[in-house]
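Participant: make a model of this:
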Amino acid sequence: MFYKMSSLTRDSATPSALVSPERRNLIFSTPSSLAQSLRTLSSTHKHVSLITMMPPLLRTPDGAHHSNLDFDPLLTYLSAYPIEYIHNAKIPCISTNHPSNIILLTCDARGVLPPISKLNSAQTMFHFISGYTSKMAGTEDGVTEPQATFSSCFAQPFLALHPMRYAKMLADKIEHHKANAWLLNTGWVGAGATTGGKRCPLKYTRAILDAIHSGELAKVEFETYETFNLAVPKSCTGVPSELLNPRNAWSQGHDSFREEVTKLGGLFVENFKKYQDEATEEVVKAGPDVKV
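Facilitator: Now for the predicted structure:
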């Protein structure tokens, strides 16, 4: 069974894996971050399209003809419709090709994760198992300010086995098909969401995706981002270079930056303690370098 959401499909075998019809790119994200992040991933890309944001039962996004219905326009609503309603949809939504890029999608409200990072095998498993994102106001009932949250494999409620089992399967597939793995962050830059930061502009995230799709980004020079030890590109067409490294984009002073990076790193390390019983030493060491 499939849920058809715009040109994206949700495969019941991977309940939180959003797959483009051409299966060129596989994107993992928690349900709570979809509303925020898919706005960023939409628009000009033929491989990634937006889930329609509109209240259930409505036929028009602005509700102009349904003013008698009671809904909060500030909350996020998701609607679905048959894939056949899209005139140029690829039907059936399958392909013999495997993804060339694996994208782990997050939204960091603290402003200290890079907009894009290239992951090695151990880092891919660590961040896949961690499933980090930020719950944003309006995406869930009762959430009024950004909250850090972790959902193992971006699908914690659906897991029947230890997360390391799924992470190992993913890493094996990546290695076998020579795919690139990325951590894409559509969250805040310059500072945190509550301390003067701004969301990473849509045009920059789109430019990053374009560079991933074309293969350009995998060929640029990278530098190591402190604490998280992530490989961050020094350049990306259409994106200011200072934005690619959170340290360079930070506007609140060195001490503030160091404090926020350490706090977030500590949350990762503390969360991952739950999975250390089956995780390899290499995967454990792929996490942030902080003492908890």
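
Participant: could you pull out the helices in the stretch 51-200 of the chain for me?
Facilitator: Taking DSSP state H, counting those that start in this stretch, the helices of the stretch 51-200 of the chain run over residues 121-130, 163-177.

Participant: remind me which residues of the stretch 51-200 of the chain are low pLDDT?
Facilitator: The model of the stretch 51-200 of the chain has pLDDT under 70 over residues 51-78, 137-141, 143-145.

Participant: hey, where'd the strands end up in it?
Facilitator: Secondary structure of the stretch 51-200 of the chain (DSSP state E, counting those that start in this stretch): strands at 101-106, 116-119, 132-135, 147-150, 180-185, 188-189, 198-199.

Participant: which among those is found nearest to Pro240?
Facilitator: strand 188-189 (9.9 Å; C-beta to C-beta). All C-beta atoms are positioned from the backbone trio N, CA, C, and that covers glycine.

Participant: the longest helix along the chain to helix 163-177, inter-axis angle?
Facilitator: As assigned by DSSP state H, the longest helix anywhere in the chain is helix 254-272. Using axes from the mean of the first three to the mean of the last three C-alpha atoms, to 10 degrees, the inter-axis angle of helix 254-272 relative to helix 163-177 is 110 degrees.

Participant: in contact with the closest residue to Glu216 other than its chain neighbours, which residues?
Facilitator: Nearest residue to Glu216 in three dimensions, chain neighbours excluded: Thr237, at 6.6 Å (C-beta to C-beta, 6 or more residues apart in numbering). Thr237 makes contact with 207, 210-211, 216 under the criterion C-beta atoms under 8 Å, 6 or more residues apart in numbering.

Participant: most neighbours among these, which one?
Facilitator: In terms of neighbours by other C-beta atoms under 10 Å, the contacts of Thr237 top out with Ala211 at 21 neighbours.

Participant: distance check, the closest residue in space to it that isn't next to it in sequence against Leu183.
Facilitator: Excluding its sequence neighbours, the residue lying closest to Ala211 (C-beta to C-beta, 6+ apart) is Leu217, at 3.8 Å. As for Leu217, its distance to Leu183 is 13 Å (criterion: C-beta to C-beta, to the nearest Å).

Participant: ok, Thr124 touching Ile103?
Facilitator: No: assessed by C-beta atoms under 8 Å, Thr124 is found out of contact with Ile103, at 10.7 Å.

Participant: which neighbours do these two have in common?
Facilitator: With C-beta under 8 Å, 6+ apart as the test, Thr124 and Ile103 both reach Ala181.

Participant: what number of residues lie near Ser100?
Facilitator: Residues near Ser100, counting by other C-beta under 10 Å: 17.

Participant: actually Thr106, not the one I typed
Facilitator: 23.

Participant: how far away is it from Pro114?
Facilitator: Computed with C-beta to C-beta, the distance linking Thr106 and Pro114 is 10 Å.

Participant: try Pro233
Facilitator: The spacing between Pro233 and Pro114, counted by C-beta to C-beta, is 9 Å.

Participant: about what we covered before: against which helices or strands is the longest helix of the chain packed?
Facilitator: Counting contacts by 3 or more C-beta pairs under 8 Å, 6 or more residues apart in numbering; DSSP states H and E, helix 254-272 is packed against helix 121-130, strand 132-135, strand 147-150, helix 246-249.

Participant: which residues touch it?
Facilitator: Applying C-beta under 8 Å, 6+ apart, the contact partners of helix 254-272 are 108, 110-113, 126, 129-130, 132, 148, 150, 191-192, 195, 226-228, 246-247, 250, 279, 284, 287-290, 292.

Participant: Pro99: which of the helices of the stretch 51-200 of the chain is closest?
Facilitator: helix 163-177 (7.5 Å).
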